[in-house]
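In: Dropping a prediction and its sequence here:
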Amino acid sequence: MTWLQLRLDTRPEQVAALEDLMLATGAVAVTMEDNADQPVLEPGVGETPLWGQTRLTGLYPADTAMATVLAAFPEKMLRHANQRVEILEDKDWEREWMQHYRPMPFGRRLWVCPSWLEPPDPDAVNLLLDPGLAFGTGTHPTTALCLAELDSMDLAGLRVVDYGCGSGILAVAALKLGASAALGVDNDPQALVATRDNAGRNGIPAQALAVALPGAFDRQAWSQQAQVVIANILAGPLVELADTLLDFLRPGGELLLSGLLESQAAHLCAHYQQRLPLQLASEKDGWVCLRGRLPG
C-alpha cells in the first residue's frame, strides 16, 4: 500500500496543535523528530521534551485529498513550516531492518549474530539474537562496550545480574561465555519476553536465566550472591539505583556500568566512590563503560 506523508517544520509550542490537526484531518500516525541535530539525552521522569526545531510528519492514506487537508490548517501556522507532501511507498519494514543487521564480533571470542543468518565463525561463542521490541542488538556503543568487557572476563561458574536487560543480550552473552546463572531485570514486560525468547534461541536452560520486573525477583536467592552485575541504562538511573545494584554483589564482585557519556563518568565515580571505586574501563564514540570491584 502507498501512503502520503505531510511534513511540517515547527517549534515546540505549536506541536500539540499541529498534531491535533493532522489527526483530525485523517492522519493515521504522527511522528516527531529532531530537525536541528539537538540531542535530548536524558529527560526527567514524566517529562516529554521537544527539540527547539521539530519536524512533524503525518501519515495519510494514499487517496487523501491533501489540498483539503492543508486548507484545514491556519495559514499563520503553515507560513514558516516548510510544508511538503511526499509519497511513501510501503515496505516490509521488518525485513527492511533485518537486511541491515549483520553479525558482529566483540572481543576475542564472542559474536552476536542475527538469528536468521548463519554465524560466520562456527567455532566462536555465537549469540543468536532477535531483539524484538526491546533495546539491545550490539549496534549501540554502550552495548558493544559491555559485550567486550564480558568477553574479557573469566565468567566460568559465576552468577551474573543484568539490570535493565532489554533484549537479554548481556545476560545471554554472559551465560554463553560460561556463567552458571543469570538474572535479567527490566521494567518493560516486553523486554522480559524478548529475553526469554533469546535465551531459548541460544539453548539456555530455563533454570539458568531468571527474568523479573524490578522488585519481583527472589531477593533471598540474589542478595549479595552475584559475582558480576551489569547495568547499561542511563546516568540518572545509575545514580538512583546504586543501593539496588550493590546489594546484588558479593564482596569481591565486579560492577559494570554503561549507558553514560564520558562527561558523566566523573559524577558516577564520585557517587559510588565510598562503597565501590570505579574506573574507566573502555570508551566508544563518546560513550563509556565503568568497572569496579566491591571490596572484600
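Out: Arrived safely, thanks for sending.
In: where along this structure do the helices fall?
Out: Under the criterion DSSP state H, the chain contains helices at 12-24, 66-71, 75-78, 93-98, 141-152, 169-176, 189-201, 219-222, 235-240, 242-248, 265-272.
In: Which other helices and strands does the last one contact?
Out: Contact partners of helix 265-272 among helices and strands, from 3 or more Cβ pairs under 8 Å, 6 or more residues apart in numbering; DSSP states H and E: helix 235-240, helix 242-248, strand 249-261, strand 278-284, strand 287-293. Placement of C-beta: from N, CA and C, glycine included.
In: among the helices and strands of the protein, which has the poorest mean pLDDT?
Out: When each helix and strand of the chain is scored by mean pLDDT, DSSP states H and E, helix 93-98 comes last, with a mean of 54.
In: ok, back up a step: of the helices of the chain, which shows the lowest average pLDDT?
Out: Of all the helices of the chain, the minimum mean pLDDT falls on helix 93-98 (a mean of 54).
In: Please name the nearest non-neighbouring residue to residue 181.
Out: Of all residues not flanking residue 181 in the chain, residue 159 sits nearest, at 4.8 Å (Cβ to Cβ, 6 or more residues apart in numbering).
In: Tell me who's in contact with the one you found.
Out: 179, 180, 181, 182, 183, 222, 225, 226, 227, 228 (Cβ atoms under 8 Å, 6 or more residues apart in numbering).
In: So residue 265 sits against residue 290, correct?
Out: Yes - using Cβ atoms under 8 Å, residue 265 is in contact with residue 290, at 6.2 Å.
In: so what sits against both of these two?
Out: residue 280.
In: Tell me which of these two has more neighbours.
Out: Of the pair residue 265 and residue 290, residue 290 is the one with more neighbours under other Cβ atoms under 10 Å, namely 24 against 20.
In: Could you list the low-confidence segments of the chain?
Out: Scanning the chain for pLDDT under 70 picks out 1, 35-52, 89-100, 131-136.
In: domains in it, as residue ranges please.
Out: Domain ranges of the chain: 2-90, 134-293, per automatic domain parsing.
In: Among the ones you listed, which comes closest to residue 125?
Out: Of all those, it is domain 134-293 that lies closest to residue 125, at 5.2 Å by Cβ to Cβ.
In: Pull the distance from that closest one to the chain's centre.
Out: Domain 134-293 sits 13 Å away from the centroid of its parent chain (Cα atoms, centre = their mean, to the nearest Å).
In: All further residue positions should be reported with the first residue as 59.
Out: Yep, numbering from 59; the last one is domain 192-351 now.
In: since we're on residue 176, how many residues are nearby?
Out: As a burial measure, residue 176 scores 9 neighbours (other Cβ under 10 Å).
In: Same check on the one 10 residues further on?
Out: Applying the criterion other Cβ under 10 Å, we find 19 residues in the vicinity of residue 186.
In: what's across from it in the sheet?
Out: Beta-bridge pairing for residue 186 (DSSP bridges): residue 171.
In: so it makes contact with residue 258?
Out: No - judged on Cβ under 8 Å, residue 186 makes no contact with residue 258 at a distance of 10.2 Å.
In: Pull out the buried positions in stretch 285-302.
Out: Neighbour-count burial for stretch 285-302, counted by 16 or more other Cβ atoms under 10 Å, picks out 285-296, 299-300, 302.
In: cool, stretch 197-209 as well?
Out: Residues of stretch 197-209 classed as buried: 198, 199, 200, 201, 202, 203, 204, 205, 206, 207, 208, 209 (neighbour count, 16+ other Cβ under 10 Å).
In: residues contacting the residue nearest to the last one when sequence neighbours are not counted?
Out: In other words, residue 209. Of all residues not flanking residue 209 in the chain, residue 165 sits nearest, at 2.8 Å (Cβ to Cβ, 6+ apart). Contact analysis of residue 165 by Cβ under 8 Å, 6+ apart lists 205, 206, 208, 209, 210.
In: Now flag whichever of the residues you listed is closest to residue 267.
Out: Out of those, the member with the shortest distance to residue 267 (by Cβ to Cβ) is residue 208, at 14.7 Å.
In: For that closest one, give me its contacts.
Out: Going by Cβ under 8 Å, 6+ apart, residue 208 touches 165, 168, 228, 231, 232, 235, 288, 314.
In: so how far is residue 232 from it?
Out: As defined by Cβ to Cβ, to the nearest Å, residue 208 lies at a distance of 6 Å from residue 232.
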